[in-house]
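When you get a sec, could you give me coordinates for this:
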Amino acid sequence: MAFIKIENLKIRSEAMDAYTALREIGKLLVDAQSVKSQYIENMISSYQEFGPYFVIAPGVAIAHAKPDESVLRDDIALMICHSPVIFNSHNDPVTLLFGLCATGSHQHMEVLMKVANLLSDTDAQKQIMAVNNVSQLYELLNDLSEETQKG
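I've put the predicted structure just below:
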């Protein structure tokens, strides 16, 4: 089973600022009924207060906010940004923007480990960036996820 559902995937070519990107990734989680719309505002507030702490590696961000009543269930989304986003981080520009929500502080660790394993492979990152449609992306993520579990 995929760790990211196909409806939680998006490819965006248009340029976005940091706030638009956070709203877009948050909307995927809202549309999946994993969070209430307040969660998007919580992610933006965290970014304003703490800066781009969620830009974890060159080109990769995992946007999230603290677990609270706006989180309905644990989930993850991914948006590929063909026009990279600037968050004012030393790891800018961001091309892979994940959105993460968790009902508790430990629930998201398994998903984060899968993401970390996936992204530790630079070839995998290049393959993900080369995808042009969501169906291809979903299949690729499934294949890569299975490979990292075996290896």
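
who does the longest strand seen in the chain touch, helix- and strand-wise?
Assignment by DSSP state E gives strand 75-85 as the longest strand of the chain. If you count contacts as 3 or more C-beta pairs under 8 Å, 6 or more residues apart in numbering; DSSP states H and E, strand 75-85 packs onto strand 9-12, helix 18-31, strand 94-101, helix 122-130, helix 134-150. Where C-beta positions appear, they are placed from N, C-alpha and C, glycine not excepted.

Each with direction, which strands does that strand pair with?
strand 9-12 (parallel), strand 94-101 (antiparallel) (DSSP bridges).

Quick one: low-confidence residue ranges for this protein.
Within the chain, the ranges that satisfy pLDDT under 70 run 1-2, 107-108, 147-151.

Isn't residue 140 up against residue 128?
Yes. Assessed by C-beta atoms under 8 Å, residue 140 is found in contact with residue 128 at 6.4 Å.

So what touches stretch 98-105?
Contacts to stretch 98-105, defined as C-beta atoms under 8 Å, 6 or more residues apart in numbering, come from residues 25-26, 28-29, 34-35, 39, 43, 60-65, 67, 71-79, 108, 111-112, 115.

And it, what's buried?
Neighbour-count burial for stretch 98-105, counted by 16 or more other C-beta atoms under 10 Å, picks out 98-103.

One more: stretch 69-77?
70-72, 74-77.

for it, how far is the first residue from the last?
19 Å (C-alpha to C-alpha, to the nearest Å).

what are the bridge partners for the most centrally placed residue in the chain, then?
In the chain, the centroid-proximal residue (C-alpha atoms, centre = their mean) is residue 98; its distance is 0.6 Å. Beta bridges link residue 98 to residue 62, residue 78, judged by DSSP bridges.

Tell me how far it lies from residue 88.
Distance of residue 98 to residue 88, computed by C-beta to C-beta, to the nearest Å: 18 Å.

what does residue 28 give?
Using C-beta to C-beta, residue 28 is found at 23 Å from residue 88.

Who has more neighbours out of the two?
residue 28 (23 against 10; other C-beta atoms under 10 Å).

what's the more buried one in contact with, if anything?
Counting by C-beta under 8 Å, 6+ apart, residue 28 has contacts 7-10, 77, 79, 99.
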